[in-house]
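In: Give me the fold of what follows.
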Amino acid sequence: MITKKTIAAAAMALLASLSFSQAAQAGPRLDKIMETKVIRVGTPGDYRPFAIKTDGGFSGHDIDVIEAMAKELGVKIEYVQTSWPNLMKDIQADRFDVAVGGITRNVARIRQIEMLPGYAPFGKVALVRSADKAQFATPQDLNKATVRVIKNPGGTNEAYVLENLKAAQVSTHDKNAEIPALIAEGKGDVMITETYEALVYSKADPRLHAAFMDAPLTPKSYLGFMLPKDDTDYTRVMGFAWGQVDSRGALKQAADKWLK
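Out: Have a look, this model is predicted:
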């Protein structure tokens, strides 16, 4: 005799079976990477000291770390050039398997993709000319009609500018790595960036000053590597690889080399 309890139990068993089957078949990304022995790494490649593209290829903190992770996985890296405006769209379109290069961890991103553990705590600061640093003593000094701000499109730096510097003269330059030179040459007054990038450029060019380093414009945030949200096994294995290279000192070595 078939009872309601029997029907309910059968339905639950069927749902469990379907869920298990879907989980077992979901996400071929990890299998493909292991079979081809290639992991595709996307990066804008324009953000020192995390990832910068030169004639010799890509270099920086994140490049050292992802190279160590690839070695742990036993695969080679295929770099894919992307841009800040297209970063999310490209990873969701399966143009690459992981994105690196100084990417801020935030709710807007984590809602759409996965991210590995945070590293390199930072805050937003301003890159200005050394000769003009006395003019930018407070955050309010940045938000004046006489101040020329140059921003790079597509990232959290642009979001900060659009939200907080509405009174300033704001222009856009597509190549992030070229903006510091524009500020140094007097073609703009302010570049909003993060702690580490500001340090790199102010150390390299005495014409530039990193303002608000002791009291950043924003609360502390962290950077992270982005992963597609389509394969839980891939996310788990990448998290394990991150932990392995961390435990073996690769993260500290990269930080000592690039962030100090």
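In: element containing residue 66?
Out: Secondary structure from DSSP states H and E places residue 66 in helix 61-73.
In: Just the element for residue 127, please.
Out: strand 124-129.
In: Averaged pLDDT, that strand. What do you get?
Out: Along strand 124-129, the predicted confidence averages to a pLDDT of 98.
In: next one: the helix or strand following that strand to chain centre, how far?
Out: Along the chain past strand 124-129, the next helix or strand (assigned with DSSP H and E) turns out to be strand 148-151. Taking Cα atoms, centre = their mean, to the nearest Å, the mean C-alpha location of strand 148-151 is offset from the chain mean by 21 Å.
In: Please identify the buried residues of strand 148-151?
Out: Of the residues in strand 148-151, those buried under the neighbour-count criterion (16 or more other Cβ atoms under 10 Å) are 149, 150, 151. The C-beta positions use only the backbone N, C-alpha and C, and glycine is treated the same way.
In: which residues touch that strand?
Out: Under the criterion Cβ atoms under 8 Å, 6 or more residues apart in numbering, residues 142, 157-158, 161-162, 165, 168-173, 179, 182-183, 187-192 lie in contact with strand 148-151.
In: So which bits of the helix or strand immediately after that strand in the chain are buried?
Out: Sequence-wise, the next helix or strand beyond strand 148-151 is helix 156-164, with elements assigned using DSSP H and E. Judged by neighbour count (16+ other Cβ under 10 Å), helix 156-164 contains these buried residues: 156, 157, 158, 159, 160, 161, 164.
In: quick one: which of those is nearest to residue 237?
Out: Within the set of these, residue 156 lies nearest residue 237; the separation is 28.0 Å, counting by Cβ to Cβ.
In: didn't the closest one look like it was pressed against residue 105?
Out: No. Applying Cβ atoms under 8 Å, one finds residue 156 not in contact with residue 105, separated by 10.0 Å.
In: Residue 224: neighbour count?
Out: Other residues within reach of residue 224 by the criterion other Cβ atoms under 10 Å amount to 23.
In: which of the residues in the helix holding residue 66 are buried?
Out: 61, 62, 63, 64, 65, 66, 67, 68, 69, 70, 72, 73.
In: The first one and residue 252, how far apart?
Out: Meaning residue 61. Plainly put, residue 61 is 11 Å away from residue 252 if you go by Cβ to Cβ, to the nearest Å.
In: repeat for the second one
Out: Here the distance between residue 62 and residue 252 works out to 15 Å (Cβ to Cβ).
In: what do you get for the fifth one?
Out: Per Cβ to Cβ, residue 65 is found 11 Å from residue 252.
In: Check which helices and strands the strand holding residue 127 sits against.
Out: Applying 3 or more Cβ pairs under 8 Å, 6 or more residues apart in numbering; DSSP states H and E, one finds that strand 124-129 makes contact with helix 156-164, helix 179-184, strand 190-194, helix 195-204, strand 208-211.
In: again, only this time at 6 Å
Out: Applying 3 or more Cβ pairs under 6 Å, 6 or more residues apart in numbering; DSSP states H and E, we find strand 124-129 packed against strand 190-194, helix 195-204, strand 208-211.
In: so how far is stretch 165-181 from its chain's centroid?
Out: For stretch 165-181, the distance between its averaged C-alpha position and the chain's averaged C-alpha position is 19 Å (Cα atoms, centre = their mean).
In: Dump the C-alpha coordinates for it into CSV.
Out: What follows is the C-alpha trace of stretch 165-181 in CSV, where atoms were taken according to Å, rounded to 0.1, in the frame of the first residue of the first chain:
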residue,chain,number,x,y,z
LEU,A,165,34.9,64.3,-5.9
LYS,A,166,31.9,65.6,-7.7
ALA,A,167,33.0,69.3,-7.5
ALA,A,168,36.4,68.6,-9.1
GLN,A,169,37.3,68.6,-12.8
VAL,A,170,37.3,64.9,-13.6
SER,A,171,38.8,63.4,-16.7
THR,A,172,39.4,59.8,-17.8
HIS,A,173,42.5,58.2,-19.1
ASP,A,174,42.3,54.6,-20.2
LYS,A,175,45.8,53.5,-19.3
ASN,A,176,46.2,53.5,-15.6
ALA,A,177,50.0,53.2,-15.6
GLU,A,178,50.3,56.4,-17.6
ILE,A,179,48.4,58.6,-15.1
PRO,A,180,51.2,59.2,-12.6
ALA,A,181,53.4,60.7,-15.3
